[in-house]
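Asker: Build me a structure from this.
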Amino acid sequence: MSATDVQEAITRAHREEWARLVAVLTGRYGDLDTAEEAAAEAFAAAVEHWPADGVPPNPGAWLTTTANRRAIDRIRRESRRDAKQREARTVYGGPPEPLGPVGDERLRLIFTCCHPALAPGTRVALTLRMVGGLTVAEIARAFLVQESAMGRRITRAKVKIKEARIPYRVPSAEDLPRRVSAVLAVLFLIFNEGYLVTGPDTGPLRHDLTTEAIRLTRLLRDLLPQDGEAAGLLALMLLTEARRTARLSPEGELVSLAEQDRTAWDTSLIAEGHRLVRERLDSGAAPGRYQILAAINAVHTSASGAEDTDWSQVVALYDQLVRLDPSPVVALNRAVAVAELDGPEVALAAVDRLDDALSGYHAYHATRAELLRRLGLRQQAGAAYDRAIALAGNTAETASLTRRRDRLR
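Answerer: Model prediction:
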């Protein structure tokens, strides 16, 4: 069977089986989010396996079996996350304390675990493991470090807690401002993992993580209404989540922002995100990192098409962000905007300066590949795509990168 035949079979199965599959799983497990996530993961698995193994004799049955397994995996993940929360209470010693000002149990636990006695990066990593339910591998990829190094970091944090007898103490209202930056970082990274899953053994998106991160960030903003970064992070999440349904093609490929069907975006989430961004601008306060990222997303979601994007404004916002966060990832994202404003040659020079810091990051090589392609350097672009594909863990992203590379040939 040709690749075209397989692609048509996947598209036809998606069209014919999606509603039935979601209905079956919802009836079986009683949760629509679980059903939709499992169905999406089943189709992503079809994209991965059918081209190599061939279309099964009964595609519907194959998808149902695969989706059922993925639904069970998700339920087990949730169970493990609850167990991790209990473990967090064990790691920090001491008897239970009054609930304090944070009403939601999970948000309260995040605040509690973001203890100022630990280094900022360590407390974020430990909280992601204890409360966020993320694996050590997922946390390592979020921090762009080796899994073994992240495992040692988390282990050292647990040892420090026990040796220093850091208590499991629910923070008071006065403690919250000192811990909020770490809590925001935890929520941001949980959302990012759901927005684009970094591992190879699951679907490309995890709606359960993005939904929970948004829920907790709403609670955090209500708790600290004067905190501009809490409002900024909520706006950023809403404007990003608004594009979720347009980010995956029927064939299971990740769709770039420029290629997305903007009529599929959630206009209510966009309106709410824009309102939050305007409120922060009207406040006159100097914006923080999340507020600037939200403003960048507001520019993108204000444009009727990719060609209408105000790239000069996007670059100006990235210039502000670089002053606050001069990280190589921010510099890479800025270069993408520079390519639209000043051309790919200028952007490529900026990207190449990041090689030492980002050589192990798939998005760095994917960006280089696209810039090289635009400059007509097809052989070099192909090599960069090969490197990006080798480093990417997400099946939908791998499929998209593979298609782009194959177009060069």
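Asker: how long is stretch 112-129 from one end to the other?
Answerer: For stretch 112-129, the first-to-last residue distance is 14 Å (C-alpha to C-alpha, to the nearest Å).
Asker: What residues of it count as buried?
Answerer: 112-115, 118, 122-129 (16 or more other C-beta atoms under 10 Å). All C-beta spots, glycine's among them, are computed from the backbone N, C-alpha and C.
Asker: which residues touch Ser256?
Answerer: Ser400 (C-beta atoms under 8 Å, 6 or more residues apart in numbering).
Asker: Inside helices: which ones of the buried residues of stretch 112-129?
Answerer: Thr112, Cys113, Thr122, Arg123, Val124, Ala125, Leu126, Thr127, Leu128, Arg129 (DSSP state H).
Asker: pLDDT for those - can I get that in CSV?
Answerer: Shown next, in CSV, are those (pLDDT from 0 to 100):
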residue, pLDDT
Thr112, 80
Cys113, 80
Thr122, 84
Arg123, 81
Val124, 86
Ala125, 85
Leu126, 82
Thr127, 81
Leu128, 81
Arg129, 81
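Asker: mind checking how far stretch 386-397 is from the chain centre?
Answerer: From the chain centre to the centre of stretch 386-397 is a distance of 15 Å (C-alpha atoms, centre = their mean, to the nearest Å).
Asker: what does that stretch contact?
Answerer: Here stretch 386-397 has contacts from 44-45, 47-48, 141, 196-200, 203-205, 248, 252-254, 360-363, 365-366, 369, 398, 401-402, 405, using C-beta under 8 Å, 6+ apart.
Asker: Between the buried residues of stretch 112-129, which sits nearest Ala337?
Answerer: Taking C-beta to C-beta as the measure, Ala337 lies nearest Val124 of these, at 27.1 Å.
Asker: check contacts around that closest one.
Answerer: Taking C-beta under 8 Å, 6+ apart, we find Val124 in contact with Cys114, Ala182, Ala185, Val186, Leu189.
Asker: who touches the second one in this structure?
Answerer: Pointing back at Ala182 there. Contacts of Ala182 by C-beta under 8 Å, 6+ apart are Cys114, Pro120, Arg123, Val124, Thr127.
Asker: just the fourth one next, same as before
Answerer: Residues near Val186 by C-beta under 8 Å, 6+ apart: Ile110, Cys114, Val124, Thr127, Leu128, Val131, Gly132.
Asker: ok, so of those, who is nearest Val330?
Answerer: For the contacts of Val186, the nearest to Val330 is Val124 (17.4 Å; C-beta to C-beta).
Asker: Identify the residue nearest the closest one in space, chain neighbours excluded?
Answerer: Of all residues not flanking Val124 in the chain, Ala185 sits nearest, at 4.7 Å (C-beta to C-beta, 6 or more residues apart in numbering).
Asker: same check, this time on Ala339
Answerer: In space, Ala339 is closest to Ala347, 3.5 Å off (C-beta to C-beta, 6+ apart).
Asker: any idea of the pLDDT on the one you found?
Answerer: Looking at Ala347, its pLDDT reads 98.
Asker: Tell me if I'm right that it and Ala335 touch.
Answerer: Yes. Counting by C-beta atoms under 8 Å, Ala335 is a contact partner of Ala347 at 4.6 Å.
Asker: how far away is Glu147 from Val136?
Answerer: For Glu147, the distance to Val136 (C-beta to C-beta, to the nearest Å) stands at 6 Å.
Asker: just how off-centre is the helix or strand containing Phe188 within its chain?
Answerer: Element membership for Phe188 (DSSP states H and E) is helix 176-195. Relative to its chain's centre, helix 176-195 lies at 12 Å (C-alpha atoms, centre = their mean).
Asker: shaky segments in the chain?
Answerer: Counting by pLDDT under 70, the ranges of the chain that qualify are 1-15, 18, 22, 24, 27, 29-33, 48, 75-99, 167-168, 199-203.
Asker: quick one: the helices in the stretch 201-350 of the chain?
Answerer: Counting by DSSP state H, counting those that start in this stretch, the segments of the stretch 201-350 of the chain that form helices are 207-223, 228-241, 267-283, 289-302, 311-324, 328-342, 344-352.
Asker: which secondary structure elements does the last one contact?
Answerer: Read that as helix 344-352. Here helix 344-352 touches helix 328-342, helix 362-374, going by 3 or more C-beta pairs under 8 Å, 6 or more residues apart in numbering; DSSP states H and E.
Asker: winner for burial among these?
Answerer: helix 362-374 (a mean of 22; mean count of other C-beta atoms under 10 Å).
Asker: With just CA atoms, put that one into PDB.
Answerer: What follows is helix 362-374, C-alpha atoms only, in PDB (Å, rounded to 0.1, in the frame of the first residue of the first chain):
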ATOM      1  CA  HIS A 362      15.200  20.000  18.600                       C
ATOM      2  CA  ALA A 363      13.500  23.400  18.100                       C
ATOM      3  CA  TYR A 364      16.900  25.000  17.500                       C
ATOM      4  CA  HIS A 365      17.600  22.700  14.600                       C
ATOM      5  CA  ALA A 366      14.100  22.900  13.300                       C
ATOM      6  CA  THR A 367      14.400  26.700  13.200                       C
ATOM      7  CA  ARG A 368      17.800  26.500  11.500                       C
ATOM      8  CA  ALA A 369      16.300  24.100   8.900                       C
ATOM      9  CA  GLU A 370      13.400  26.500   8.000                       C
ATOM     10  CA  LEU A 371      15.800  29.500   7.700                       C
ATOM     11  CA  LEU A 372      18.200  27.500   5.500                       C
ATOM     12  CA  ARG A 373      15.300  26.300   3.400                       C
ATOM     13  CA  ARG A 374      14.100  29.900   2.800                       C
END
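Asker: Next, the angle from that helix to helix 344-352.
Answerer: Using axes from the mean of the first three to the mean of the last three C-alpha atoms, to 10 degrees, the inter-axis angle of helix 362-374 relative to helix 344-352 is 150 degrees.
Asker: Report the distance from helix 362-374 to the chain centre.
Answerer: The chain centre lies 20 Å from the centre of helix 362-374; the measure is C-alpha atoms, centre = their mean.
Asker: cool, stretch 252-269 as well?
Answerer: Offset of stretch 252-269 from its chain centre (C-alpha atoms, centre = their mean): 15 Å.
Asker: Could you do stretch 100-110 as well?
Answerer: Relative to the chain's own centre, stretch 100-110 is displaced by 23 Å; criterion: C-alpha atoms, centre = their mean.
Asker: How about it, which residues are buried there?
Answerer: Buried residues in stretch 100-110, counting neighbours by 16+ other C-beta under 10 Å, are found at Gly100, Pro101, Val102, Asp104, Arg106, Leu107, Arg108, Leu109, Ile110.
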